[in-house]
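Asks: Quick one, structure for this:
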Amino acid sequence: FFVLGGKAKPTKHTAKEIAKKVFEATVNRGGGASGIAARLDAKCSYKCYICLCSQPSEKSLQIHFDSKHPKDVLDLEKAKVAA
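Replies: A predicted model of the protein is given here:
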């Protein structure tokens, strides 16, 4: 006894996929003009002087530097943000 596939057209998207797309389109992720206050209030005391990416700690900046700028040497004095 063989079970063959149905002749109906297969669904292109599941209800779960559609619900996920709707959720991601409507939830506030803190980006854009509405999230600028939250981004400015972030406690980032270090900034990468090569790509200007903000980092919250010395360790995070070290990890960023090792992965994104492996040929450059990290200088923490240049990376500190004046508070």
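Asks: If we ignore the residues flanking it in sequence, what's nearest Ser57?
Replies: Ranked by Cβ to Cβ, 6 or more residues apart in numbering and with sequence neighbours excluded, the top spatial neighbour of Ser57 is Tyr46, at 7.0 Å. C-betas here are computed from N, CA, C, even on glycine.
Asks: count of neighbours near that neighbour?
Replies: Tyr46 has 22 neighbouring residues, counting by other Cβ atoms under 10 Å.
Asks: which phi and psi does it have?
Replies: Phi and psi for Tyr46, reported as degrees, to the nearest 10, are phi -130, psi 150.
Asks: Next, the contact list for Gly35, please.
Replies: Neighbouring residues of Gly35 by Cβ atoms under 8 Å, 6 or more residues apart in numbering: Asn28, Arg29.
Asks: Okay, it and Arg29: tell me how far apart.
Replies: Going from Gly35 to Arg29 by Cβ to Cβ, to the nearest Å gives 7 Å.
Asks: Which residues does the helix or strand bottoming out on mean pLDDT in the chain contact?
Replies: Taking mean pLDDT, DSSP states H and E as the measure, the helix or strand of the chain with the lowest value is helix 36-40, at a mean of 72. For helix 36-40, contacts defined as Cβ under 8 Å, 6+ apart pick out Gly30.
Asks: Now it: buried residues?
Replies: Across helix 36-40, burial judged by 16 or more other Cβ atoms under 10 Å covers no residue at all.
Asks: could I get that helix in PDB with only the CA atoms?
Replies: Provided in PDB are the C-alpha atoms of helix 36-40 (Å, rounded to 0.1, in the frame of the first residue of the first chain):
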ATOM      1  CA  ILE A  36      16.800  57.700  19.000                       C
ATOM      2  CA  ALA A  37      16.400  58.700  22.600                       C
ATOM      3  CA  ALA A  38      17.000  55.100  23.800                       C
ATOM      4  CA  ARG A  39      20.100  54.800  21.600                       C
ATOM      5  CA  LEU A  40      21.500  58.200  22.900                       C
END
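Asks: packing partners for the very next helix or strand once past it?
Replies: Of the helices and strands lying after helix 36-40 in sequence (DSSP states H and E), the nearest is strand 46-47. The elements that strand 46-47 packs onto, with contact taken as 3 or more Cβ pairs under 8 Å, 6 or more residues apart in numbering; DSSP states H and E, are strand 54-55, helix 58-68, helix 76-79.
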